[in-house]
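Novice: Build the 3D model from these lines:
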Amino acid sequence: MPNVQQPTGQDWGAVNVGRAATNRVVVPKTAIGVSRAKAMGLVSTERKFGAGGNTSAHTATVNARKIEESDELKHAKVDKSLSKAIMQARMAKKMTQKDLATKINEKPQVVGEYESGKAIPNGQIIVKMERVLGVKLPRPGKKPATKPSVAASATAGGVVRGGPPKRR
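Specialist: You can find the predicted model right below:
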């Protein structure tokens, strides 16, 4: 019989999966190799901002303190006179903070914040408290307007500044 090889369907040659071996870049592993690559211009380095320091993100208290002390970012708090008035009216009615809170449909923590002066004033909640307690509570004062009134700016000719003449 003649010796004929049958194809078996298997390829036993080397197969590269992923990267090709011909275009592989050699990375230097030692300090001398890295400095040599830098000198040849193959490697570039960048200095990162704040690199090498042993500080964390939580140690920047100077900026945080500056933000906390600025008046622009502060919320309006409940005035002490309002908090005392709420407390006195509630005690006169012999109510607890929880009782007042349930009658105005708010959480007891809200009443506690108003009485301690930590809450941000809300007109609707103050009106609810006034109704339940039966007293008029002091409101936070509004800033006075700095614009001059129209009557003060009228001239002797009867013309309001910037407007049409008066009809007689």
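
Novice: the bottom helix or strand of this protein by mean pLDDT?
Specialist: helix 61-69 (a mean of 61; mean pLDDT, DSSP states H and E).

Novice: what does the average pLDDT come to for the helix or strand following that helix?
Specialist: Heading C-terminal from helix 61-69, the first helix or strand you meet, by DSSP states H and E, is helix 80-92. Helix 80-92 shows a mean pLDDT of 93.

Novice: Sort out which residues of helix 80-92 are buried, please.
Specialist: Within helix 80-92, the residues that count as buried by 16 or more other C-beta atoms under 10 Å are 82-83, 85-86, 89-90. The way it works is simple: take the backbone N, C-alpha and C, and place the C-beta from them, glycine included.

Novice: what are the C-alpha coordinates of it, in PDB please?
Specialist: Only the C-alpha atoms of helix 80-92 are listed here, as PDB (Å, rounded to 0.1, in the frame of the first residue of the first chain):
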ATOM      1  CA  LYS A  80     -34.100  83.900  69.800                       C
ATOM      2  CA  SER A  81     -37.200  86.000  70.500                       C
ATOM      3  CA  LEU A  82     -39.200  83.700  68.200                       C
ATOM      4  CA  SER A  83     -37.900  80.500  69.800                       C
ATOM      5  CA  LYS A  84     -38.600  81.800  73.300                       C
ATOM      6  CA  ALA A  85     -42.100  82.900  72.300                       C
ATOM      7  CA  ILE A  86     -42.900  79.400  70.800                       C
ATOM      8  CA  MET A  87     -41.500  77.700  74.000                       C
ATOM      9  CA  GLN A  88     -43.500  80.000  76.400                       C
ATOM     10  CA  ALA A  89     -46.800  79.600  74.400                       C
ATOM     11  CA  ARG A  90     -46.400  75.800  74.200                       C
ATOM     12  CA  MET A  91     -45.700  75.600  78.000                       C
ATOM     13  CA  ALA A  92     -48.700  77.800  78.700                       C
END
